[in-house]
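**Student:** Can you look at this prediction? I've put the sequence above it.
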Amino acid sequence: MNKRPYHSALDMSSTQGLLVAQLKAAGIGHGEKLVLSNVELNIHEGQFTYLVGMTGSGKSSLLKTIFADLPLLSGDGHIFGYDLKNISRKNIPLLRRQIGIVFQDFQLLADRNVSDNLEFLLRATDWTDKLKIENRIWSVLNQVGIPNLLHRMPHEISGGEQQRVAIARALINSPKLLIADEPTGNLDPDTALDILELLFELSKEKKMAVIMATHDYRLIEDYPARVLRCAEGRLN
């Protein structure tokens with residue numbers, strides 16, 4: 001495996017831009033089960049943050065709370081000005097348009113090619129002009145380095161390429177925050193590093209905040225940045 005260039009944590013995390021997400025004394029969980037308590041979290045634009053912890057420690061619950069898939073159980077939370085304690089159902093889609101989300105299992109539509117996967121999301125977020133849709137699809141695929149896969153089906157491309165499509169989908173509405181929940185979990189080591197390098201580049205070039213949950217400490221060694229740990233019901 002080729003050695004990747006070393007990236008200092010200062011490259012991504014020391015310069016604080018605008019605050020995009022904040023939790024204060026927050027209780028995180030699902031149903032009535034509290035998994036993290038008294039969470040204090042500030043996320044600034046352009047900041048890269050790793051979220052680590054054992055399975056069941058609350059990583060996914062925290063990420064789901066940030067994009068309003070789980071309610072904030074206690075405390076205060078504001079994401080792009082939306083109050084997570086009082087956000088209305090009709091405003092949740094508006095909040096999520098400002099957040100890109102990447103999952104471990106890609107979640108591409110198997111019966112549609114790459115272009116149609118992206119067009120589906122654009123039309124779901126009120127894009128109607130066909131030329132603008134085509135231009136936007138080409139633009140995000142170019143950003144992630146796969147413009148040549150426009151008409152390929154998901155089963156015709158590799159896992160790494162599928163994850164790049166998933167990242168392109170997350171970028172489709174130019175978010176200032178990207179949430180990645182174990183995005184390299186199903187990838188081989190070299191491909192995982194490629195995907196991480198891409199996320200670092202996007203964070204720096206687009207001033208996009210990235211929160212990435214991972215179990216792979218080797219990635220953190222190769223691309224150091226801010227690390228938050230979920231353990232024993234706390235975020236540290």
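**Tutor:** Arrived safely, thanks for sending.

**Student:** from here on, contacts and neighbour counts on C-alpha atoms
**Tutor:** Noted.

**Student:** Strands of this protein, start to end?
**Tutor:** 19-30, 33-44, 48-52, 74-79, 82-83, 99-103, 177-181, 209-213, 226-231, 234-235 (DSSP state E).

**Student:** As CSV, these with mean pLDDT and distance to Leu118 would be great.
**Tutor:** Compiled in CSV, the strands of the chain are given as follows (pLDDT from 0 to 100; distance: least, CA to CA, whole Å):
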stretch, mean pLDDT, distance to Leu118
strand 19-30, 96, 25
strand 33-44, 96, 27
strand 48-52, 97, 25
strand 74-79, 97, 25
strand 82-83, 96, 26
strand 99-103, 94, 13
strand 177-181, 96, 17
strand 209-213, 97, 21
strand 226-231, 97, 31
strand 234-235, 97, 34
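
**Student:** Tell me which of the ones you listed approaches Pro147 most closely.
**Tutor:** With CA to CA as the measure, strand 99-103 is the member of these nearest Pro147 (18.9 Å).

**Student:** what's whichever helix in the chain runs longest packed up against?
**Tutor:** Longest helix of the chain, by residue count under DSSP state H: helix 189-206. Judged by 3 or more CA pairs under 8 Å, 6 or more residues apart in numbering; DSSP states H and E, helix 189-206 is in contact with helix 9-13, helix 159-170, strand 209-213.

**Student:** on that earlier part again, so which of the strands of the chain gets nearest Pro154?
**Tutor:** Across the strands of the chain, closest to Pro154 is strand 99-103 (CA to CA), at 15.3 Å.

**Student:** which helices and strands sit right next to that closest one?
**Tutor:** Applying 3+ CA pairs under 8 Å, 6+ apart, we find strand 99-103 packed against helix 159-170, strand 177-181.

**Student:** Make JSON lines from these and add distance to Leu235 and mean neighbour count to it.
**Tutor:** As requested, the helices and strands packed on strand 99-103 are exported to JSON lines (distance: least, CA to CA, whole Å; neighbours: other CA atoms under 10 Å):
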{"stretch": "helix 159-170", "distance to Leu235": "26", "mean neighbour count": "24"}
{"stretch": "strand 177-181", "distance to Leu235": "16", "mean neighbour count": "24"}
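
**Student:** returning to what we had before: closest to Gly31 out of the helices and strands packed on helix 189-206?
**Tutor:** Comparing these by CA to CA, strand 209-213 comes nearest, at 21.9 Å.

**Student:** how far is the closest one from where the chain is centred?
**Tutor:** On the basis of CA atoms, centre = their mean, to the nearest Å, strand 209-213 is displaced by 5 Å from the centre of the chain it belongs to.

**Student:** Quick one: neighbours of Lys64, just the number.
**Tutor:** Counted with other CA atoms under 10 Å, the neighbours of Lys64 add up to 20.

**Student:** no wait, Glu221
**Tutor:** Count around Glu221 with other CA under 10 Å applied: 11.

**Student:** So what pairs up with the residue nearest the centre of the chain in the strands?
**Tutor:** In the chain, the C-alpha nearest the mean C-alpha coordinate belongs to Ile179, at 2.0 Å (CA atoms, centre = their mean). Using DSSP bridges, the bridge partners assigned to Ile179 are Ile101, Ile211.

**Student:** Now tabulate the helices and strands packed on helix 189-206 in CSV and tack on distance to Lys64.
**Tutor:** Below are the helices and strands packed on helix 189-206 laid out as CSV (distance: least, CA to CA, whole Å):
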stretch, distance to Lys64
helix 9-13, 23
helix 159-170, 15
strand 209-213, 12
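
**Student:** of the ones you listed, which approaches Gly29 most closely?
**Tutor:** Of the helices and strands packed on helix 189-206, nearest to Gly29 by CA to CA is strand 209-213, at 16.5 Å.
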